[in-house]
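J.: got a structure for you, letters missing:
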């Protein structure tokens, strides 16, 4: 199979951490679009609907009201839940829909309490990045991604800056080790690099942050947390180097056709089972 013309952060993370055969099926052979192997989950549906509602509520043009955003979220989520509930697996199938409806409404209500986000000006929602990756081996490939939100604000000295924002849904928040996870931060570092490249911006003008959307915040805690990440030149360059190393390994394995299954990766750390386990696309694998 030939290399794809573009690569995303999520694809590279899946390639690095997961089974190379699964990456081949997902991205080179495009079975991830096959309805037989589509992954369903209540957390995925919740994330889709809350992102959509935030995009209407906190936007550059014609924002809707809080009530409209909450109604949009609830209507969309209940419809998606009704359609997909029978395809949820394990404990997800037993979670009451109202628990997630209430969580989404609370997140939208608390959005205005996150001053760093709410008081800033929205420049872009779902901003597309699709730019060439500079390589020394002649491989022509692009980086592809969507920035959830780009906002304009000022630093402590009153100078204008941009923030690259990525929304992350979670339960109560992130533990310390996740907040310090450089592989997770790399997503924002790459978004910053390619946004600067696209618009010819000085890197010092652009900062990055995650916004944590908490379904079950602790008592007295806000459901929306602005979490800035330091994105200096060393960190950004390391992310670029790691990206190019991943692409080089992808190219090497594709050219040598060494994309064998790794049966130790059939179940991930969260207990999720690979959608290809136990079928003809992955001979030798078995569903646990």
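T.: Everything's here; your move. These figures come from a predicted structure and were not determined experimentally. Residues are numbered from 1 along each chain as shown.
J.: Quick check: residue 163 vs residue 227, distance?
T.: Taking CB to CB, to the nearest Å as the measure, residue 163 falls 11 Å from residue 227. Placement of C-beta: from N, CA and C, glycine included.
J.: For these two, indicate the residue with more neighbours.
T.: Using other CB atoms under 10 Å, the more surrounded residue of residue 163 and residue 227 is residue 163, with 22 against 15.
J.: Okay, now the sheet partners of the strand or helix carrying that one, with direction.
T.: Taking DSSP states H and E as the criterion, residue 163 maps to strand 160-170. Using DSSP bridges, the strands paired with strand 160-170 are strand 142-154 (antiparallel), strand 206-214 (parallel).
J.: In this protein, where's the longest helix?
T.: Looking across the chain with DSSP state H, the single longest helix is helix 233-256.
J.: Can you check which residues contact both of residue 163 and residue 227?
T.: Residues touching both residue 163 and residue 227 (CB atoms under 8 Å, 6 or more residues apart in numbering): residue 209.
J.: circling back to that earlier point, residues contacting the longest helix of the chain, please?
T.: 1-3, 7, 12, 15-16, 20, 23, 28, 133, 135, 137, 139, 141, 143, 182, 185-186, 189-190, 192-193, 203, 258-259.
J.: Quick check: mean pLDDT of that helix?
T.: Throughout helix 233-256, pLDDT has a mean value of 97.
J.: List the buried residues for the strand holding residue 163?
T.: 162-170 (16 or more other CB atoms under 10 Å).
J.: Ok, stretch 226-243 next?
T.: So for stretch 226-243, counting by 16+ other CB under 10 Å, buried means 226, 229, 231, 235-236, 239-240, 242-243.
J.: now those as CSV including distance to residue 111?
T.: Output for the buried residues of stretch 226-243, formatted as CSV (distance: CB to CB, whole Å):
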residue, distance to residue 111
226, 11
229, 20
231, 24
235, 28
236, 28
239, 28
240, 32
242, 33
243, 32
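J.: Please report how far residue 51 lies from residue 126.
T.: In terms of CB to CB, residue 51 sits 8 Å off from residue 126.
J.: Overlap in contacts, these two.
T.: residue 148.
J.: The two - which one has more neighbours?
T.: Neighbour totals were compared for residue 51 and residue 126, and residue 51 leads with 17 against 13 (other CB under 10 Å).
J.: before we move on, which element is that one in?
T.: Using DSSP H and E, residue 51 maps to helix 42-57.
J.: by how many degrees do the helix or strand immediately after that helix in the chain and helix 42-57 diverge?
T.: Next helix or strand after helix 42-57 toward the C-terminus (DSSP H and E): helix 66-84. Relative orientation of helix 66-84 and helix 42-57, computed by axes from the mean of the first three to the mean of the last three CA atoms, to 10 degrees: 150 degrees.
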